[in-house]
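*Asks:* Build the 3D model from these lines:
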Amino acid sequence: MSYRSRKSELIIAVLLALAAMILPACSSSDNGAAGGGSSNSEAMYALSTEKSSLASVESLAEYDLVIQNGRVIDPATGRDQTATVGIKDGVITKIAPGALPCEGDCQVVDASGLIVSPGFINTHTHEGGGMQFVESGQAYVQDGITFWLGGNCGYSPNGTSMSMPAWLDEAELQGLYNNYATLSGHNTLRRNVGIGFNKPESPEQITQMAAILEGDLAAGSFGVSYGTFYDPGGTKEAMIALAKASKAEGGMAASHTREITFDLLNILFPYDGPAFTPSFYLSQKINLVIFKDSITEAIDTCKEADIPYIISHLTDMAYNGSITWALDTIQQAIRWQGLPLASDVIGYDTFKNDFYALTRYGMIPVGTLFKMAGVKPEQFWMAEDVFVDDELYMAAYERMTSVSQAEYLAAMFKAGRAHAGPDSDSGSVAIWCNIVDPVSTMLAIKRPFVFMGNDGGVGRNSHTGAVDVQPRSYSCFSRLLGHWSRDLGAISLKQALFKATIAPALWLGLDKKGRLQEGCDADITIFNPDTIIDRAKAEAGQLDLPPLGIEYVIVNGQIVVEHGTFTGNTPGKVVRRTWQIPGNTRQVIALYHKRFPLLPF
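*Replies:* Numbers count the residues shown, from 1 in each chain. Got it, this is the predicted structure:
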């Protein structure tokens, strides 16, 4: 290397050190869970590259695991190069273009032709019931997920039979496949203080719920989640009070919104043209959206409590063209009010839910719901047998054929004449719904404040012990990278990785996760960009098919998945929150603009 070229590289490194002030870098003083820090990660990357170029072999370091020959992508710093990653005691200790020594018990992973990425962060999911959360984590890790946040949609993992501190203590005794944290559910809190379904909270009961929540937060809960869709008795007053209690202890909030939004304009004047054309976008600028208060209630709660807030699985709650209004409303609240708002999407077109809950417990005619959502009967099929007057009415995986059929079934449930089989755990009966518009997903994932959450969970039938799982438990991040990014081109590979790693890490305050940097936790996903794809489907025998193309998943420095096979390692940890959730959406957006300056937002 000439003196002039070395001088130029040193000048570039110094300029980066002076200019890049956005991100905290990992350091040995961080604990993997705490927020804070203001070191310059880009400058560290530049300087380490300069040093590494002077010597291709690092001879002094010792490693437990070395990943070599892979394309290392770190969305936080912009690193994208073929490099070697050295790991010691669960921490990334070296990233260098050249070779690293691997002696003794050190393992070598040859990542030739593969992408080495920070492990994926799942912002919205479920435990699956009791200690079943271990199996849920096992499903998630196959999708490259190294950290996940449970306790969503208003339901705490501990239920009413165990306190949150006791739950977390018990969870720590389990062998975990990935890192796990949880929220505390509003609906569970309601049950804990004796509030019945669809009953409003009294001021005294709100005070009692807040006291329980404060204990949960002290034990390490990340915050409070709402599920007023499932129990509409929850009041806005209670939501705000619990949000304030969470905020006071440094926590966050997340909600499954109260109702689904619909755009009546698309019912009166259906748009059948191609997506992503000027006429399509024009059609999205005028709306007659109903149930807007489902979104504004969440925004108001965020504003009143000044609390970091995620509006959950947005594309599953905004139908018939209302997704653009929902996204724009959230974006405007971030931009003009400075609110710490974010959202997430599942990225899967089909979900399973309770039939009677979806029909709003008989409050809205089913035919009207079909029209408002812009869906057809054949987009629904039973997830289990359903009986009317004790006679089989529809078998599992049998599709709906008419609106009148769905209307009749809803009427029978309202009359108490319909039920699932004797071994069912459903409130009414479970049904598959293939109704999430792919265009809505493509519009949503283009926004930098939208994260990914699989809304999954592996449960077991309480009567038979049979596995109960949604395909999306295996099909969130592999589908993001394979289907939405590579196959459809909705966003680039690097945008997808930004969304899966550093964006939620920054927002949640996970300072040592979501990054591939020296000093960071060795949570790493290694995948083939040409073959990664989801396979699980809402069909018999295909519910739990793991994705293809995810070759290695490393959690806390140990290989958990190798070429699609479990190694037997369970190094995951329960992450108890001890810091204030930053929820700095503007910081996420600023970094997005820095990484993708030519992309509109």
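
*Asks:* for the stretch 51-200 of the chain, what spans make up the helices?
*Replies:* For the stretch 51-200 of the chain, the helices defined by DSSP state H, counting those that start in this stretch cover 133-141, 164-171, 186-192.

*Asks:* With just CA atoms, put the last one into PDB.
*Replies:* The C-alpha coordinates for helix 186-192 follow below in PDB (Å, rounded to 0.1, in the frame of the first residue of the first chain):
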ATOM      1  CA  HIS A 186     -54.300  -5.700  29.500                       C
ATOM      2  CA  ASN A 187     -56.900  -8.500  29.100                       C
ATOM      3  CA  THR A 188     -54.900 -10.700  31.600                       C
ATOM      4  CA  LEU A 189     -54.800  -7.800  34.000                       C
ATOM      5  CA  ARG A 190     -58.600  -7.500  33.700                       C
ATOM      6  CA  ARG A 191     -59.000 -11.100  34.600                       C
ATOM      7  CA  ASN A 192     -56.700 -10.800  37.500                       C
END
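
*Asks:* ok, the residue most central in space within the chain - contacts?
*Replies:* Nearest residue to the geometric centre of the chain (CA atoms, centre = their mean): residue 453, 1.9 Å. Going by CB atoms under 8 Å, 6 or more residues apart in numbering, residue 453 touches 122-125, 149, 152, 312-313, 344-346, 476. Bear in mind the C-beta positions are built from the backbone N, C-alpha and C, glycine included.

*Asks:* can you do 6 Å?
*Replies:* 122-125, 344 (CB atoms under 6 Å, 6 or more residues apart in numbering).

*Asks:* likewise residue 481?
*Replies:* Residue 481 touches 496, 532, counting by CB under 6 Å, 6+ apart.

*Asks:* just the one 10 residues further on next, same as before
*Replies:* Shown here is residue 491, whose contacts under the criterion CB under 6 Å, 6+ apart are 445, 485.

*Asks:* Quick check: the closest residue to the residue nearest to the centre of the chain other than its chain neighbours vs residue 254, distance?
*Replies:* Nearest in space to residue 453, with sequence neighbours left out and distances taken as CB to CB, 6 or more residues apart in numbering, is residue 124 at 2.6 Å. Taking CB to CB, to the nearest Å as the measure, residue 124 and residue 254 are separated by 7 Å.

*Asks:* Need the overlap of contacts for those two.
*Replies:* By CB under 6 Å, 6+ apart, the residues touching both residue 124 and residue 254 are 152, 312.

*Asks:* nearest to residue 220, of the helices of the stretch 51-200 of the chain?
*Replies:* helix 164-171 (5.7 Å; CB to CB).

*Asks:* which helices and strands sit right next to that closest one?
*Replies:* helix 203-219 (3 or more CB pairs under 6 Å, 6 or more residues apart in numbering; DSSP states H and E).

*Asks:* Give me the helices and strands touching whichever helix or strand comes after the helix it packs on, please.
*Replies:* Once the chain leaves helix 203-219, the next helix or strand it forms, by DSSP states H and E, is strand 223-227. Contact here means 3+ CB pairs under 6 Å, 6+ apart; on that basis strand 223-227 packs against helix 236-248, strand 252-256.

*Asks:* Run the chain-centre distance for strand 223-227.
*Replies:* Offset of strand 223-227 from its chain centre (CA atoms, centre = their mean, to the nearest Å): 15 Å.

*Asks:* hmm, who's touching it?
*Replies:* 151-154, 183-187, 213, 239, 242, 246, 251-256.

*Asks:* can you give me the angle it makes with helix 236-248?
*Replies:* Going by axes from the mean of the first three to the mean of the last three CA atoms, to 10 degrees, strand 223-227 is angled at 160 degrees with respect to helix 236-248.

*Asks:* Would you mind putting the CA coordinates of strand 223-227 into CSV?
*Replies:* The C-alpha trace of strand 223-227 is given here as CSV (Å, rounded to 0.1, in the frame of the first residue of the first chain):
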residue,chain,number,x,y,z
GLY,A,223,-44.5,-2.9,29.0
VAL,A,224,-48.2,-3.3,28.4
SER,A,225,-50.1,-4.8,25.5
TYR,A,226,-53.7,-4.3,24.6
GLY,A,227,-56.2,-6.6,22.9
